[in-house]
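In: okay, sequence plus prediction incoming.
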Amino acid sequence: MPEVLSSKNKFSAVSNLPPSCFVGLIRCVRFLAVGAALCVLALAAGCSRFHPPPREMVYVSARQMYLHDRVAPVSNRVAEVTNGEALQVVEHGHRFLKVKTARNAVGWIEDHAVVDEQTYNAFGKLAGEHKQDPVAATATLRDDLYLHLLPGRETEHFYLIAGNSKVQLLARASIARAEAPGFGPLARLAAPEKPGSGKAPEPEPPPPAMEDWWLARDSSGHTGWLLGSRMDVDVPDDIAQYGEGQRFVGAWLLAKVYDPGSDAPGHEAPEYLTVLAPPESGLPFDFNQIRVFTWSKNHHRYETGFRLHPIDGYLPVHIYTANTPTGNVPAFSFELGAAGNVSTDPATGITRPASARTLNYEMIDTSVKRIGPDMAPVSLDRAFEKDAEKKKPESKRQRAGNR
C-alpha cells in the first residue's frame, strides 16, 4: 500500500522541490491574472456596445441654414436645416461644427447658428413652468421675432416666430433699454472745472429709458420673452377707435345684445370689457383704467357703461359668470395695488403689488356693480392723473391766455 504522508511530511516534500518548479508556479499565477484582466476588459467592451456614450446634440437657432461638405471659401451645400431642428455633433472645428441631421445628411455649420442642449432644455423648462399660467391677453406680431430666455435684446434666444402670428401674453416685465455701442453720453472734452469757479454743478443724468417685454406662448407651446414694442394687442375693430390716446392692454367679450339696427352677425352686438394704460414703457402697473363698452339700442352705437381710473391694476383679468336672483350674468375681477407699493423680480423685471386686493364686478344689462367680499373704497391715484395733465400740450386758447 502506498505510504500516506502527514501534513508535516507534505510540507517537507514541497519544500524539497527544485527552484525551477517555484518559478513555473509564479509564471502560471501571473498568466492567470493577465487572462482574467483581459476577460474583464473584453466584457466591458461588449457592454459598451449596448450602452453607447451619450450623443452631443445642438439645435438650429437661425431661420434657415445650409450644411456644407467642408469649411472652405468654395464648398458644396449638403442639406438645408431650419429653426428648431435637432442636429447630432460629429466633430468640433474652429467656429464650425460637423453635424448629422435626422435624415443622415452630414455637413458643417457655423456654431453661432445653433444653441446647445443646455439652452434647449432651459426653454423646455420655462414652457413647463408656465404651462398652466392664465392668458392675460392675445397679440399679433408685427414681424418675425425670437423668443428669449430672459427679457433683454442680448439674452439667449432660440425659437423664431413668424410675423402676423398670434401669441398668448402671460406676464409683463420692464427693464432698462441697452444703448447701442457708440451712442452713449459723450464724454466732456473741456477741462474739468476748478473748485470755487462759481458755476452751477452739472444736472443729474436722466433715468435710463425703459422697454417692456412680455412672457408669451405661441401656438406650438413654445414659451419665452418677446419685445412689447414689436407686437399689437388684439382689440376688436368695433372699439379700437375709442382708445382716446391710451394703449389697449386687453379686451374681452362680456355679453351680446340683440339689436335689429346692429350690423353685427345675427344683429347681436358684442359688449366688451377693456383695460388701458398710457402709451409708455416701464410703468409700475399693467393698466390704470377699466372701461366697459355697452351697446345702445336707441342710438345703435357703443357707449361707455362703466369706467374706473386712474388705478394701479394688474393682469390677469378674469371673466366669469355670477349667479344672481335674476339669473346668471357676466362678471369680472382683477387685482388692484396701492400706488408705489410694489415688488420687482430682479431676474425678470416683473412688477407685482406687494399687497394686492381682488375686486369683483358684475354687469346686469348695461349697469356694472361692485360685488364680492372686498367692498372697501378704491383710492384713485390722483397724483398720477395730475402728472398726466401736466404732460398734455397746451391748447391755442391756453397759449393765448399765457401771453
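Out: Arrived safely, thanks for sending.
In: where does this structure have low pLDDT?
Out: Applying pLDDT under 70 to the chain picks out residues 1-53, 179-201, 381-403.
In: show me it divided up by domain.
Out: Split into domains by automatic domain parsing, the chain comes to 57-119, 235-395.
In: turn these into JSON lines, columns for distance to Gly224.
Out: For every residue, glycine as well, the C-beta is placed using N, CA and C. Shown next, in JSON lines, are these (distance: least, Cβ to Cβ, whole Å):
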{"stretch": "domain 57-119", "distance to Gly224": "11"}
{"stretch": "domain 235-395", "distance to Gly224": "12"}
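In: just list the residues touching the nearest residue to Ala277 once chain neighbours are set aside, thanks.
Out: Spatial nearest neighbour of Ala277, chain neighbours left out: Phe287 (4.6 Å); criterion: Cβ to Cβ, 6 or more residues apart in numbering. Phe287 makes contact with Val249, Gly250, Val275, Leu276, Ala277, Ile311, Gly313, Tyr314, Leu315, according to Cβ atoms under 8 Å, 6 or more residues apart in numbering.
In: try 6 Å
Out: Phe287 is in contact with Val249, Val275, Leu276, Ala277, Gly313, counting by Cβ atoms under 6 Å, 6 or more residues apart in numbering.
In: mind listing the strands for the stretch 251-400 of the chain?
Out: For the stretch 251-400 of the chain, the strands defined by DSSP state E, counting those that start in this stretch cover 268-277, 289-296, 301-308, 312-324, 327-337, 342-344, 351-353, 357-364, 367-371.
In: redo those strands as CSV? Include distance to Tyr120 and mean neighbour count.
Out: Formatted as CSV, those follow (distance: least, Cβ to Cβ, whole Å; neighbours: other Cβ atoms under 10 Å):
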stretch, distance to Tyr120, mean neighbour count
strand 268-277, 35, 22
strand 289-296, 41, 21
strand 301-308, 44, 15
strand 312-324, 29, 17
strand 327-337, 34, 19
strand 342-344, 29, 14
strand 351-353, 29, 18
strand 357-364, 38, 18
strand 367-371, 47, 15
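In: for the ones you listed, which one sits closest to Val81?
Out: Evaluated over these, closeness to Val81 peaks at strand 312-324, with 37.6 Å, by Cβ to Cβ.
In: just to revisit the earlier point, closest to Ala216 out of the domains of the chain?
Out: domain 235-395 (12.9 Å).
In: and that closest one, how far from the chain's centre?
Out: Here the centre of domain 235-395 is set off from its chain's centre by 25 Å, with Cα atoms, centre = their mean, to the nearest Å.
In: if I look at Met91, how far off is Ala79?
Out: One correction, residue 91 is Glu, not Met. Per Cβ to Cβ, to the nearest Å, Glu91 is found 16 Å from Ala79.
In: the two: which is more packed in?
Out: Ala79 (17 against 10; other Cβ atoms under 10 Å).
In: the more buried one belongs to a strand, doesn't it?
Out: Yes - counting by DSSP: H, G, I helix; E, B strand; the rest coil, Ala79 is part of a strand.
In: run a quick check on it versus Leu67, I expect a contact.
Out: Yes - the criterion here is Cβ atoms under 6 Å, and Ala79 meets it with Leu67 at 4.8 Å.
In: find residues that contact each of those two.
Out: What both Ala79 and Leu67 touch, as defined by Cβ under 6 Å, 6+ apart, is an empty set.
In: do you know which of the strands of the stretch 251-400 of the chain lies nearest Leu160?
Out: Relative to Leu160, the nearest member of the strands of the stretch 251-400 of the chain by Cβ to Cβ is strand 312-324, separated by 25.9 Å.
In: could you check the angle strand 327-337 makes with that closest one?
Out: Interaxial angle, strand 312-324 versus strand 327-337 (axes from the mean of the first three to the mean of the last three Cα atoms, to 10 degrees): 160 degrees.
In: what does strand 312-324 rub up against?
Out: 134, 136, 252, 285-287, 328-329, 331-335, 337, 339, 353, 362.
In: once you drop chain neighbours, what's closest to Gly224?
Out: Leu147 (2.7 Å).
In: next, that neighbour: secondary structure please.
Out: Leu147 ends up strand, using three-state DSSP.
In: give the contact list for it.
Out: Going by Cβ under 6 Å, 6+ apart, the list of residues near Leu147 reads Tyr159, His222, Gly224.
In: how about the helices of the protein, start to end?
Out: With DSSP state H as the criterion, the chain has helices at 7-15, 19-50, 117-129, 382-391, 396-401.
In: could you measure from the closest residue to Glu91 other than its chain neighbours over to Arg77?
Out: Closest residue to Glu91 in three dimensions, ignoring its sequence neighbours and counting by Cβ to Cβ, 6+ apart: Lys98, at 3.8 Å. From Lys98 across to Arg77, the span is 15 Å (Cβ to Cβ).
In: just want to know which of those two has more residues nearby.
Out: Neighbour count, other Cβ under 10 Å: between Lys98 and Arg77, Lys98 has more, with 19 against 11.
In: does the more buried one touch Gly107 like I think?
Out: No - look at Lys98 against Gly107 with Cβ under 6 Å: they stay out of range, at 7.2 Å.
In: for Gly128, state which of the contacts of Leu147 is nearest.
Out: His222 (11.6 Å).
In: just grab the bridge partners of the most centrally placed residue in the chain for me.
Out: Nearest residue to the geometric centre of the chain (Cα atoms, centre = their mean): Gly224, 2.5 Å. Beta-bridge pairing for Gly224 (DSSP bridges): Ala216.
In: next one: Phe332
Out: Going by DSSP bridges, Phe332 forms beta bridges with Ile319, Tyr361.
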